[in-house]
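J.: coordinates only, no sequence provided:
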């Protein structure tokens, strides 16, 4: 009995101590999770600087609207509609503009561009940063460039505004090209073309069109973009000034303009002015009239040669014509006139009329009856002899 009372007393004491310890344990657990959540907030991968329109972030199987000052974490996806644009910054002080109709996925130093347009602005000196698409990879540390990817055609394009970036096939990293200031390169989805195109200088119109995709965004560095030069013949000289944002001269000219062409006007760069001047030559009316006259003479000579070599018409051989009667009598000798025709007309041939069907059938019936009667008579005679 004493042992039972002692056990009950110990159980009551344990329950009392447990009830007193539960609140402190719950407080410790809540403080632990709170510190973990606070630590997660401080270790975000990026911060949204501005968000306009219908932009969304997909994280942990949840899709929520993206707003300014929101944190971005690893494995998050940002999606912009056709009327939305997002500007964000990562923890390495890289700035990014995401154009309307784009989709990216973030993982520390790697950004996967699934579709759309992404503008990179990097000021850091660290290496190991890249933007990847389904078939291409862009590696960078310092510089500014625009990466585009079309999911339908599988085309990836890199336009470098300033600095240098490596552009390669995502499966063949050794087949890469270095894209520098004011040049671009692209890689198609065709498996045969595994190497990016050789970098080519970008034109002023193409560069402006690309920048206008990003609302309110401007390059952080001065840009050199070339306006295409039209080919003109000799005429009065007229000076045009094209504004340029820097005096940097690219190594290559525009792909669509042929180099070392004596007809194209010469381009002279004015040092220290930030502009270049080129001469446009108008058409000379006298020269055009002279060329037209030469062309007409050439055409007339060609027609004369064709007329000279034209084949002559051959007169056809004589053939008799029987349409008109000549009136000459025709006589035939050696034949006797037949008085009876060689054959009678079909209507005069006599055919034997067939026998009536009914009489023939009666004859057959009568013969069969006589045969049967003869057979019966023979059978009776045979039976009589046997008796």
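T.: Sure, I can see it. Computed from a prediction, not measured in an experiment: that's the story for all the values here.

J.: mind showing which ranges of the stretch 201-350 of the chain have poor pLDDT?
T.: Residue ranges of the stretch 201-350 of the chain with pLDDT under 70: 221-283, 335-350.

J.: just the pLDDT for residue 92.
T.: Confidence at residue 92, expressed as pLDDT, is 86.

J.: do I have it right that it meets residue 126?
T.: Yes: when contacts are counted by Cβ atoms under 8 Å, residue 92 is listed as touching residue 126 (6.5 Å). Quick note: C-beta positions are derived from backbone N, CA and C, even for glycine.

J.: neighbour count winner among those two?
T.: residue 92 (16 against 12; other Cβ atoms under 10 Å).

J.: for residue 45, see how far away that one is.
T.: Separation of residue 92 from residue 45 (Cβ to Cβ, to the nearest Å): 9 Å.

J.: mutual contacts of those two, please.
T.: Common neighbours of residue 92 and residue 45 are not found (criterion: Cβ atoms under 8 Å, 6 or more residues apart in numbering).

J.: ok, the strand or helix carrying residue 137: who's next to it in the sheet?
T.: Secondary structure from DSSP states H and E places residue 137 in strand 136-140. Taking DSSP bridges as the criterion, strand 136-140 sits next to strand 129-132 (antiparallel), strand 165-169 (antiparallel) in its sheet.

J.: C-terminal to the last one, what's the next element?
T.: Next in sequence after strand 165-169, counting helices and strands by DSSP H and E, comes strand 176-179.

J.: what's the most buried one of the strands paired with strand 136-140?
T.: When you average the neighbours per residue for each of these (mean count of other Cβ atoms under 10 Å), strand 165-169 leads with a mean of 22.

J.: what does it contact?
T.: 135-140, 143, 145, 158, 174-179, 185, 187, 194-196.

J.: show the average pLDDT along that strand.
T.: pLDDT averaged over strand 165-169 gives 93.

J.: show me the domain layout of this structure.
T.: Following automatic domain parsing, one finds the domains of the chain at 46-211, 226-256+263-290.

J.: make a markdown table out of the ones you listed and add distance to residue 325.
T.: Below are the domains of the chain laid out as a markdown table (distance: least, Cβ to Cβ, whole Å):
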| stretch | distance to residue 325 |
| --- | --- |
| domain 46-211 | 81 |
| domain 226-256+263-290 | 68 |
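
J.: need the winner for burial among those domains.
T.: Most buried of those, by mean neighbour count (mean count of other Cβ under 10 Å): domain 46-211, with a mean of 18.

J.: pretty sure residue 157 sits in a strand.
T.: Yes: judged by DSSP: H, G, I helix; E, B strand; the rest coil, residue 157 forms part of a strand.

J.: for residue 95, see how far away it is.
T.: The spacing between residue 157 and residue 95, counted by Cβ to Cβ, is 20 Å.

J.: what's residue 365 sitting at in phi/psi?
T.: Residue 365 adopts backbone torsions of phi -70, psi -40, taken as degrees, to the nearest 10.

J.: go on, residue 296?
T.: Torsion angles at residue 296 (phi, psi; degrees, to the nearest 10) stand at phi -70, psi -40.

J.: next: residue 182.
T.: Torsion angles, degrees, to the nearest 10, at residue 182: phi 60, psi 30.

J.: same check, this time on residue 96
T.: Residue 96 adopts backbone torsions of phi -130, psi 140, taken as degrees, to the nearest 10.

J.: what's the closest residue to it other than its chain neighbours sitting at in phi/psi?
T.: Once flanking residues are discounted, residue 96 sits nearest to residue 88: 5.6 Å by Cβ to Cβ, 6 or more residues apart in numbering. Main-chain dihedrals, residue 88, degrees, to the nearest 10: phi -140, psi 170.

J.: quick one, strands of the stretch 101-250 of the chain?
T.: Counting by DSSP state E, counting those that start in this stretch, one finds strands in the stretch 101-250 of the chain at the ranges 103-107, 110-122, 129-132, 136-140, 143-150, 155-163, 165-169, 176-179, 183-187, 200-201, 237-243.

J.: same for the longest one, what does it pack against?
T.: Okay, so that is strand 110-122. For strand 110-122, the contact count by 3 or more Cβ pairs under 8 Å, 6 or more residues apart in numbering; DSSP states H and E identifies strand 95-98, strand 103-107, strand 129-132, strand 136-140, strand 143-150 as packing neighbours.

J.: TSV for the ones you listed, including distance to residue 70 and mean pLDDT?
T.: Listed next are these as TSV, based on distance: least, Cβ to Cβ, whole Å; pLDDT from 0 to 100:
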stretch	distance to residue 70	mean pLDDT
strand 95-98	13	94
strand 103-107	13	94
strand 129-132	21	93
strand 136-140	25	93
strand 143-150	23	94
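
J.: which stretch among those strands comes nearest residue 49?
T.: Evaluated with Cβ to Cβ, those place strand 95-98 nearest to residue 49, the distance being 7.6 Å.

J.: may I have the strands that pair with the closest one, each with its orientation?
T.: Here strand 95-98 has these sheet partners by DSSP bridges: strand 85-90 (antiparallel), strand 110-122 (antiparallel).

J.: pipe those into JSON lines and attach distance to residue 57 per row.
T.: Compiled in JSON lines, those are given as follows (distance: least, Cβ to Cβ, whole Å):
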{"stretch": "strand 85-90", "distance to residue 57": "9"}
{"stretch": "strand 110-122", "distance to residue 57": "14"}
